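Colleague: Predicted model and sequence follow; I will ask about them next.
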Amino acid sequence: MHDVLNIFIKSIFIENLVFAYFLGMCSYIAVSKTVKTATGLGLAVTFVMTITVPLNYLILNYILKPGALSWISPKFAQLDLSFLTFIVFIAVIASMVQLVEMFVERFAPALYTSLGIFLPLIAVNCAILGASLFMQERDYATIWQALAYGFGSGLGWFFAIVSMAAIRERLKYSNIPKPLQGAGIAFILTGLMGIAFMSFMGIKL
C-alpha cells in the first residue's frame with residue numbers, strides 16, 4: 001500500500017507528464033484557452049489513462065511478454081509476442097478514446113463541439129501512450145501499482161491543463177506584447193511551471 005501511494009504522488013507532482021517530460025503538448029497548448037474545455041479534456045484524458053495503463057499491464061504480463069502465455073499451456077512458454085507491444089497499446093488506447101468520444105457526444109454535446117478534433121486526437125496523445133510505455137519500462141510488480149500510476153499520471157495532466165487554462169484566462173486582461181500572444185506566452189508559462197514543479201523533486205518518498 002505504501003508503494004502504491006508513493007507511485008501515485010510521484011506521478012502527479014514529481015514525474016508529471018507535462019512538466020517533467022513535456023508529453024501531450026499539442027492538445028495541452030491548444031485546449032488550455034478556457035477552464036471549461038480544459039476541464040473536459042483533462043477528465044477525458046484521466047479516464048483513458050486510468051483504464052488503459054492497468055489494462056495494458058495485464059495484456060503485457062499475461063499475453064505479450066516472453067513466456068507470458070505459459071498459463072495457457074507449457075507449449076507456449078517460449079512464445080514471445082513483445083514485438084506487438086506498440087500496436088496493442090495503441091489499439092487499446094484508441095478503443096477507450098472511441099468510447100469516451102461516444103459518451104461525451106451523447107451526454108455533453110456542447111463540450112464535444114468545443115473540444116472539436118482534439119477529443120478523438122486523445123488516441124494519438126503521446127502522454128497517454130507514454131504512460132503505458134513508462135509502465136512497461138518501470139516493470140511495476142502489481143496491477144495496483146500500474147493503476148495508481150495511470151490514475152496519478154492522468155490527474156497530473158489534468159492539473160497541468162486546468163492550471164494553464166486558469167492562468168491564460170487571466171492573461172486576457174494583461175498587456176502582453178503582440179509577438180508573444182497565444183502559443184508564445186503559453187510555452188513560456190509552461191517552462192516556468194515546469195521549473196516550479198521541479199521543487200517537488202526534493203520530496204523523499
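Modeller: Everything's here; your move. Bear in mind that the values here come from a model prediction, so they are computed numbers and not experimental data. Numbers count the residues shown, from 1 in each chain.

Colleague: all helices for the protein, in order.
Modeller: Remark: helices assigned in the chain by DSSP state H are 2-9, 25-31, 35-59, 85-107, 109-115, 126-138, 143-171, 183-197.

Colleague: Which one of those lies nearest to residue 77?
Modeller: Across these, residue 77 has its closest neighbour in helix 35-59 (18.1 Å, C-beta to C-beta). C-beta: built from backbone N, CA, C; applies to glycine.

Colleague: Run the angle between the closest one and helix 85-107 for me.
Modeller: Interaxial angle of helix 35-59 relative to helix 85-107 (axes from the mean of the first three to the mean of the last three C-alpha atoms, to 10 degrees): 140 degrees.

Colleague: what's helix 35-59 packed up against?
Modeller: Applying 3 or more C-beta pairs under 8 Å, 6 or more residues apart in numbering; DSSP states H and E, one finds that helix 35-59 makes contact with helix 25-31, helix 85-107, helix 109-115, helix 126-138, helix 143-171.

Colleague: Send me stretch 119-130 as PDB with only the CA atoms.
Modeller: Extracted in PDB, the C-alpha atoms of stretch 119-130 (Å, rounded to 0.1, in the frame of the first residue of the first chain):
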ATOM      1  CA  LEU A 119     -11.200  14.800 -28.400                       C
ATOM      2  CA  PRO A 120     -10.600  12.000 -31.000                       C
ATOM      3  CA  LEU A 121      -6.900  13.100 -31.100                       C
ATOM      4  CA  ILE A 122      -6.600  11.700 -27.500                       C
ATOM      5  CA  ALA A 123      -6.000   8.400 -29.200                       C
ATOM      6  CA  VAL A 124      -2.600   9.800 -30.500                       C
ATOM      7  CA  ASN A 125      -1.800  11.800 -27.400                       C
ATOM      8  CA  CYS A 126       1.800  11.000 -26.700                       C
ATOM      9  CA  ALA A 127       1.100  11.400 -22.900                       C
ATOM     10  CA  ILE A 128      -1.300   8.500 -22.900                       C
ATOM     11  CA  LEU A 129       0.900   6.200 -24.900                       C
ATOM     12  CA  GLY A 130       3.900   7.500 -22.800                       C
END
